[in-house]
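Trainee: Fold the following, please.
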Amino acid sequence: MVENHHFSEMDIDLYIHQIILTYKSSIRFRIGFAVLIIFIGILIIMLNSFNILTFPNEMKSLVSVSGTLVSSICAFPIKEIIDRRNRIKLIHELSEQYKISEGKDKQKVEELIWKIIEKNVVD
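Mentor: Coordinates of the predicted model:
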């Protein structure tokens, strides 16, 4: 059960801002990693096709490794990026609801925000 925490509005805004920054950083890292994998794969294919890398006996292996690097992008977790973007939208919405809510409604929104904060600490 979630403990009853009461935040000031500035605390809520600070936590929400930090969570959003964390999600955006995660999204940038995942996209950067995917771009790096694609770049390495394409670079190896290009060097191989221009005969800059010449390994006559190992040509098939090199092409295979290049293809594997490029095709490994298929395993790229696009779902995780979409989930993080959806969470950012949800957090923005909860933040706006928190600002305009009063009484028990504000308390419910605060509890939801606290659950999100706890989940981010655990994940």
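Trainee: Could you measure from I37 over to I82?
Mentor: 19 Å (C-beta to C-beta, to the nearest Å). Using the backbone N, CA and C atoms, a C-beta is placed for each residue, glycine as well.
Trainee: Comparing those two, which residue is more hemmed in?
Mentor: Each of I37 and I82 has its neighbours counted (other C-beta atoms under 10 Å); I37 has more, 17 against 11.
Trainee: Quick one: classify the more buried one as helix, strand or coil.
Mentor: What DSSP: H, G, I helix; E, B strand; the rest coil gives for I37 is helix.
Trainee: what pLDDT does it get?
Mentor: Listed pLDDT for I37 reads 78.
Trainee: What of the one 5 residues further on?
Mentor: On the pLDDT scale, I42 is placed at 76.
Trainee: which secondary structure element contains it?
Mentor: Using DSSP states H and E, I42 sits within helix 9-49.
Trainee: Could you find the closest non-adjacent residue to S101?
Mentor: V109 (5.4 Å; C-beta to C-beta, 6 or more residues apart in numbering).
Trainee: go on, K106?
Mentor: In space, K106 is closest to Y98, 6.4 Å off (C-beta to C-beta, 6+ apart).
Trainee: What's the first helix or strand after the helix-or-strand element of the chain with minimal mean pLDDT?
Mentor: Every helix and strand of the chain was ranked by mean pLDDT, DSSP states H and E. The lowest is helix 59-71, at a mean of 66. Using DSSP H and E, the helix or strand that follows helix 59-71 in sequence is helix 78-100.
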